[in-house]
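Visitor: pasting the sequence and the predicted coordinates here, then a few questions.
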Amino acid sequence: MAGVMTEKKLAKAIAEGYGSGRDERYQSWIRIRRNLHSPVSNLHSLCVPLYHRPLQLLSGLEFGAANVALWLGAAEIREQHPLWPFTHDHPAKGRHPDLDRSLGRAPGLLEIAKHGGIDHGVYPGTQIPFVATIDFTLSIPPWHRAPLVHWSCKPRALLDSAHNRSRMQERIQMERLYSAAVGASHVLIDGTQFTSLLVSNLDWLRPLRSELQTLSRARLQDFGGYLMEEAETDSLGHAVDHAGRLVRLNSDGANRHFRAAAWLGIIDIDPSSHIVMSKPLKRDSAGLRLRLQRELLGEPR
């Protein structure tokens, strides 16, 4: 939607389904295109285990947050998800007809901002209300309770020192108010909740969608069990080879099983530390994964 926004452009984007849908059918409101660029952030199109469609990510912090959300067990990710200015379908709608009937309409962000004493904003050069987006709308089980979690990704350095930080805080407050209005949890991701080393390790461990669909869960469990036994007294690399031999895998297959089992938590590994194959396995003794699940996705439901 390059150039000055018009009612026709906006209606066309909505009619084509941008910002709508669930799971595989979801279409991000903001899409990465050749003419979309940013002088202050990195754009990413990330392939993930959940979908054939890639995630449309607009910054390095969003890239890190997406990896963390997937690792923590988010069952659905809607990135660049609209907080529509006018009354609209509840964002939890579309999972099941019985659940849909229990959900009311969601208030528009224009109304929410007005009640909060915040200027909603318009597209530059127009009087058309801007379609604000939340960086991530995450869904977690159980579906019958329709739990949603909203993540706003804003680097701590910008929150503390950006020239427009007052407006940035207003936008975050609108997102908080919208989340409360639709019964969603809201979390501000500022980059302090996880390290770049954790993100790098998760990006390496993250299995392909095809791997999660084809690898046997029973075989992964066996592989993980054998590896954990061997890793008590030997290096991680030798433990991977040992477990691979016992479940009859070649070297490539053993490495794929290691990454998938570590990602799924079958192997108790601390991905916030350097993973060195020539050294013993470092376990997640501090309970990092469980702590982040509680802090970023909410208490177990």
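Guide: That came in fine, so what should we check first? These figures come from a predicted structure and were not determined experimentally.
Visitor: please make it C-alpha for all contacts and neighbour counts, starting now.
Guide: Fine.
Visitor: and the helices in the stretch 201-301 of the chain?
Guide: Using DSSP state H, counting those that start in this stretch, the helices of the stretch 201-301 of the chain run over residues 209-214, 217-231, 236-246, 251-264, 288-292.
Visitor: list the buried ones in the shortest one?
Guide: Within helix 288-292, the residues that count as buried by 16 or more other C-alpha atoms under 10 Å are 289, 292.
Visitor: and if you look at the first one?
Guide: By neighbour count, and taking 16+ other C-alpha under 10 Å as the criterion, the buried residues in helix 209-214 are residue 212.
Visitor: model confidence over that helix, on average?
Guide: Helix 209-214 shows a mean pLDDT of 94.
Visitor: likewise the shortest one?
Guide: Mean pLDDT, helix 288-292: 96.
Visitor: mind listing what the most far-flung residue of the chain relative to its centre touches?
Guide: Distance from the C-alpha centroid of the chain, by C-alpha atoms, centre = their mean, peaks at residue 233 (36.1 Å). Taking C-alpha atoms under 8 Å, 6 or more residues apart in numbering, we find residue 233 in contact with residue 280.
Visitor: look up phi and psi at it.
Guide: Backbone torsions for residue 233, taken as degrees, to the nearest 10, come to phi -120, psi 0.
Visitor: ok, residue 231 - how many residues close by?
Guide: Residue 231 has 21 neighbours, counted by other C-alpha atoms under 10 Å.
Visitor: could you tell me the model confidence score at the nearest residue to residue 154 once chain neighbours are set aside?
Guide: Residue nearest to residue 154 in three dimensions, not counting chain neighbours: residue 190, with 5.0 Å by C-alpha to C-alpha, 6 or more residues apart in numbering. As predicted, residue 190 sits at a pLDDT of 98.
Visitor: now do the contacts for residue 190.
Guide: By C-alpha under 8 Å, 6+ apart, residue 190 lies in contact with 61, 153, 154, 155, 156.
Visitor: likewise residue 14?
Guide: Counting by C-alpha under 8 Å, 6+ apart, residue 14 has no contacts.
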